[in-house]
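> Sharing a sequence plus its predicted fold:
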Amino acid sequence: MPKRPIENPKMFQRKLTEKQLAVLLAAGAGNTTEGLEVLVECYQRLYNAGIKNDAQLETFINRINKS
């Protein structure tokens, strides 16, 4: 059973792969904290636009690439 999430987390620890670190650094212009904030905001906007899973995201990206 997964661990229950903390109500108001202040920080979390996770070992990142090189690819994950590169994404955070790119999104945050060299700052992983800012990168995480940017990616969370991006996900929030996509979620609010109705894109709730990987399949919907792939469809959305394909639509953008075709235009």
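Now that the structure is in, tell me what you want to look at. Numbering: from 1, shown residues only.
> Going by C-alpha atoms from here, please, whenever you check contacts or count neighbours.
OK.
> tell me the centre residue of the chain?
Leu39 (4.1 Å; C-alpha atoms, centre = their mean).
> these two touch, right, that residue and Ala27?
Yes - at 7.0 Å, Leu39 counts as touching Ala27 under the criterion of C-alpha atoms under 8 Å.
> now what about the least confident helix or strand in the chain by mean pLDDT, what contacts it?
Least confident helix or strand, the chain: helix 54-66 with a mean of 87, by mean pLDDT, DSSP states H and E. Residues from elsewhere that reach helix 54-66 (C-alpha atoms under 8 Å, 6 or more residues apart in numbering): Ile51.
> Now the phi/psi pair for Leu24, please.
phi -60, psi -40 (degrees, to the nearest 10).
> just checking, it touches Glu37?
No - using C-alpha under 8 Å, Leu24 makes no contact with Glu37, being 9.2 Å away.
> neighbour count winner among those two?
Each of Leu24 and Glu37 had its neighbours counted (other C-alpha atoms under 10 Å), and the higher figure belongs to Leu24 (21 against 14).
> which stretches of this protein form helices?
Across the chain, reading from the start of the chain, the helices by DSSP state H fall at 18-27, 32-48, 54-66.
> can you state the direction angle for the longest one and helix 54-66?
So that's helix 32-48. Here helix 32-48 points in a direction 90 degrees away from that of helix 54-66 (axes from the mean of the first three to the mean of the last three C-alpha atoms, to 10 degrees).
> Could you give the average pLDDT over helix 32-48?
Averaged over helix 32-48, pLDDT sits at 94.
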